[in-house]
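*Asks:* Okay, predicted coordinates and the sequence, questions at the end:
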Amino acid sequence: MVPSPNGCAGSTATRKPHDPRVSSLQERIMTPTAELRYEQAETVAIEEIPIIDFAPFLHGGAADRARVAQSIREACRRIGFFYIVNHGVPESLRQAVLSEARTFFARSRAAKMETAPLLDGQWCGYLPGRGAAEGTQPGGSLLPGATKAKVSGGSLEQFNMMRVRDADDVNYDARDPIYQRNRWPADAPGFVETMIVNQRALRSLGTSLMQAFALALGLDEGFFVGMHRSPLATFGLNFYPAPVAGQPSADVGVGAHCDASSFTVLLQDDVGGLEVRDSGGRWISAPHVPGAYVINIGDTMMGWTNGEFVSTLHRVVSRKPVDRFSATMFMNPDREVVVRPIDRFVTKENPARYEPFSNDEYMRRFFGKFYDTMFK
Ligand SMILES: O=C(O)CCC(=O)C(=O)O
Ligand SMILES: [Fe+2]
């Protein structure tokens, strides 16, 4: 498939010198403001965040699929996080993504800044720190008046990508800024190719996961797939530099947040540091599990299910003196979708917790003011 020029054209032709304000911004991002010591996360029985074998869902019959869906249902209602193994994505591709991330983030700051966003509304490319997030409480990004909140974790570097649209995509040629223009690093064909191959693999896995979520909720298997036909899926690479002596823990990793997504697929390296807050308020660790992806429910799914599936606070506290890398896919619905609590989850005991919302507006808000929050 030919990637859409809008989705994946390199930034080389239009590259401009970067905004000089960035250096003072960086100083601000890198300067710790408050000392805050995180308590050690508890290491709990692995059932808390279950490891689910996804192969029976991909290759089995109806009974196998129902069994996997049941495990997913249990995890999503209780904690909103689970691992999947045997998901069909080759280990070589997963390792290539992490390896490309290491190479990219090892570039000089100036080289990386060449792909940084330049305008308000632009979101793709390199970010020298975590600027802001929509959700600092479960479902928070869906509430009226939700605004971006500063999330601590200033030493994190990120590279954001938008889904590359293939020629058969209904929005292949769309010029609307909501579809975002990727800003690829120069002279990095291996990086671009790996990221595109990874996107396709994760999108395919995402489709299977959506079927599993639908079955898990007792809905028609195509319920979510039908609303993610040209999804506003975003992809990220994260670099958590090794903490240095005396660095406040609030400045290490990324602070507590919920994801603005239908669901998130996370590949973490073997360093660990992801922590999840369970319903009892405990921070529990979600360590590296070889071969696994971490899947978590985002606010949008919490909205559809009126809280039946929970979007859960999580954070990264890199406690080891080594660099950490991770890669994400945030699945979001089609631009036109209006998300509203599904009838069966609205009852007298559990009235609608969220107003219907337009994904178009939601995503515009997500991308919008990003540059302003981050670089001004
Ligand atoms: O790097 C990780 O393990 C998690 C990153 C994360 O939570 C995010 O990017 O939203
Ligand atoms: Fe997250």
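*Replies:* It's in. Ligands and ions are numbered 1, 2, ... in the order given.
*Asks:* What is the burial count for residue 129?
*Replies:* Residues within reach of residue 129, counting by other Cβ atoms under 10 Å, total 19. Just so you know, the C-beta spots here come from the backbone N, C-alpha and C atoms, and that holds for glycine as well.
*Asks:* Could I get the CA-only coordinates of stretch 356-371 as CSV?
*Replies:* Extracted C-alpha coordinates of stretch 356-371, given in CSV (Å, rounded to 0.1, in the frame of the first residue of the first chain):
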residue,chain,number,x,y,z
PRO,A,356,-22.5,12.4,24.4
PHE,A,357,-19.4,13.9,22.8
SER,A,358,-18.1,14.4,19.3
ASN,A,359,-14.8,12.7,18.7
ASP,A,360,-14.0,15.4,16.2
GLU,A,361,-14.2,18.0,19.0
TYR,A,362,-12.4,15.8,21.5
MET,A,363,-9.5,15.1,19.2
ARG,A,364,-9.2,18.7,18.1
ARG,A,365,-9.0,19.7,21.7
PHE,A,366,-6.4,17.0,22.2
PHE,A,367,-4.2,18.3,19.4
GLY,A,368,-5.1,21.9,19.8
LYS,A,369,-3.1,24.2,22.2
PHE,A,370,-0.5,21.4,22.3
TYR,A,371,2.2,23.6,20.9
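*Asks:* quick check, distance from that stretch to the centre of its chain.
*Replies:* 15 Å (Cα atoms, centre = their mean, to the nearest Å).
*Asks:* for it, what is the average pLDDT?
*Replies:* Here stretch 356-371 scores 90 as its mean pLDDT.
*Asks:* For that stretch, buried residues please.
*Replies:* Along stretch 356-371, these residues count as buried under the neighbour rule (16 or more other Cβ atoms under 10 Å): 357, 359-360, 362-371.
*Asks:* Figure out the helix or strand that the residue in the chain that ligand 1 sits nearest to lives in.
*Replies:* Distances between the chain and ligand 1 by Cβ to the nearest ligand atom are smallest at residue 326, namely 3.4 Å. Using DSSP states H and E, residue 326 sits within strand 324-331.
*Asks:* swap in residue 255?
*Replies:* Residue 255 is part of strand 254-257, with elements assigned from DSSP H and E.
*Asks:* what's the next helix or strand along the chain from that strand packed up against?
*Replies:* Sequence-wise, the next helix or strand downstream of strand 254-257 (DSSP H and E) is strand 263-268. When contacts are defined as 3 or more Cβ pairs under 8 Å, 6 or more residues apart in numbering; DSSP states H and E, strand 263-268 packs onto helix 91-105, helix 189-216, strand 293-297, strand 324-331.
*Asks:* ok, for residue 75, nearest residue in space, not its chain neighbours?
*Replies:* residue 82 (3.9 Å; Cβ to Cβ, 6 or more residues apart in numbering).
*Asks:* so that neighbour, which of the three states?
*Replies:* Look at residue 82: counting by DSSP: H, G, I helix; E, B strand; the rest coil, its state is strand.
*Asks:* got the contact list for it?
*Replies:* Residue 82 sits next to 49-52, 71-72, 75-76, 294-296 when contact means Cβ atoms under 8 Å, 6 or more residues apart in numbering.
*Asks:* Could you dump the residues you listed into CSV with distance to ligand 1 added?
*Replies:* Below are those laid out as CSV (distance: Cβ to the nearest ligand atom, whole Å):
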residue, distance to ligand 1
49, 13
50, 18
51, 16
52, 18
71, 22
72, 19
75, 17
76, 17
294, 7
295, 12
296, 8
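*Asks:* Next up, the contacts around the closest residue to residue 138 other than its chain neighbours.
*Replies:* Of all residues not flanking residue 138 in the chain, residue 311 sits nearest, at 4.8 Å (Cβ to Cβ, 6+ apart). By Cβ under 8 Å, 6+ apart, the residues touching residue 311 are 80, 135, 138-139, 258-259, 296-299, 301-302.
*Asks:* Good, we can wrap up now.
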